[in-house]
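Enquirer: Below are the sequence and a predicted model for it; my questions follow.
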Amino acid sequence: MAKIDRYRVVARFARLFPDPAIFEDQDHLVERYLVQSGLPREKAIYLYQNEDEIIPVDDSGKPAVALGTASFRFQGKNIVAEFMPNANLALEYYDFGTGLSPEDHARMWKKQRIGEMAFEVEVYAARDLSASERSSLEKRLTRESTGSTVYVILSKPSQLMKIETR
């Protein structure tokens, strides 16, 4: 009997730059990220990422649009690049036997770096929150959760990464 876990990570960035670590070879973004975060390379074959193109969206679900330029660190140098403010990235993937628990997945997404973009996180598992804490968090996020939802909240209130397991 094989155990299959489904994960959905939604990352919200105050400023999303055109980092090749995110936008090139999107089909293997989850695999690259988790290996960089400590998953043994030989276990990466047990991951399957949805092959849909990763399209940044705004808070209303419409495609995000570049609305400004700012300095961005790329390959050790500061460059000026366009950015999409308040952009959300949704990643969906399946674990077909890496041996990682849902807590391990959440811990790895807390490694705080996608390409050159760093972030800080807090993790909340919905099943571990009291009813009032969960309700308060859902109001803050404007989304309902299930007992298997794990929230990873970035350091700024406007940034959110949510991991769901099913």
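Expert: In hand now; what should we look at?
Enquirer: Looks like Ile114 contacts Ala21 (just checking).
Expert: Yes. With contact defined as Cβ atoms under 8 Å, Ile114 and Ala21 form a contacting pair (6.1 Å). All C-beta spots, glycine's among them, are computed from the backbone N, C-alpha and C.
Enquirer: Of these two, give the one with the bigger neighbour count.
Expert: Neighbours were counted for Ile114 and for Ala21 using other Cβ atoms under 10 Å; Ile114 has more, 22 against 16.
Enquirer: now that one: how far from Ser60?
Expert: 23 Å (Cβ to Cβ, to the nearest Å).
Enquirer: likewise Leu91?
Expert: For Leu91, the distance to Ser60 equals 20 Å [Cβ to Cβ].
Enquirer: Tell me which other helices or strands the lengthiest strand in the chain touches.
Expert: Looking across the chain with DSSP state E, the single longest strand is strand 77-95. Applying 3 or more Cβ pairs under 8 Å, 6 or more residues apart in numbering; DSSP states H and E, one finds that strand 77-95 contacts strand 5-16, helix 29-36, strand 47-49, strand 68-74.
Enquirer: Can you list the buried residues in that strand?
Expert: 81, 83-89, 91-93, 95 (16 or more other Cβ atoms under 10 Å).
Enquirer: Could you dump those into a markdown table and include distance to Ala70 and pLDDT?
Expert: Converted to a markdown table, these look like this (distance: Cβ to Cβ, whole Å; pLDDT from 0 to 100):
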| residue | distance to Ala70 | pLDDT |
| --- | --- | --- |
| Ala81 | 7 | 91 |
| Phe83 | 6 | 93 |
| Met84 | 11 | 93 |
| Pro85 | 10 | 91 |
| Asn86 | 14 | 87 |
| Ala87 | 13 | 86 |
| Asn88 | 19 | 84 |
| Leu89 | 18 | 84 |
| Leu91 | 24 | 82 |
| Glu92 | 29 | 85 |
| Tyr93 | 30 | 87 |
| Asp95 | 36 | 90 |
